[in-house]
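Peer 1: sequence unknown, structure follows:
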């Protein structure tokens, strides 16, 4: 059962599309920035 019709593109196996990749990278950047700020803000 396919959820959406698969368009035949030049790359035959697009598992993740570009928007999902951008969301993943944005979430990673936010997570790393929060982690670095938390590590910096806590007293040693």
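Peer 2: Perfect, thanks for sending it. Everything numeric here is computed off the predicted structure, so don't read it as measured data.
Peer 1: Let me see the residues that make contact with the strand or helix carrying residue 23.
Peer 2: Assessed by DSSP states H and E, residue 23 sits inside helix 18-41. By Cβ atoms under 8 Å, 6 or more residues apart in numbering, the surrounding residues in contact with helix 18-41 are residue 16. In short, each C-beta sits where N, CA and C put it, glycine included.
Peer 1: Please shift the residue numbers so they start at 17 in all later answers.
Peer 2: Sounds good: first residue 17 from here, last item helix 34-57.
Peer 1: list the buried ones in it?
Peer 2: By neighbour count on 16 or more other Cβ atoms under 10 Å, the buried set for helix 34-57 is empty.
Peer 1: Next one, pLDDT for residue 47 please.
Peer 2: At residue 47, the model reports a pLDDT of 98.
Peer 1: any idea how far it lies from residue 59?
Peer 2: Separation of residue 47 from residue 59 (Cβ to Cβ, to the nearest Å): 22 Å.
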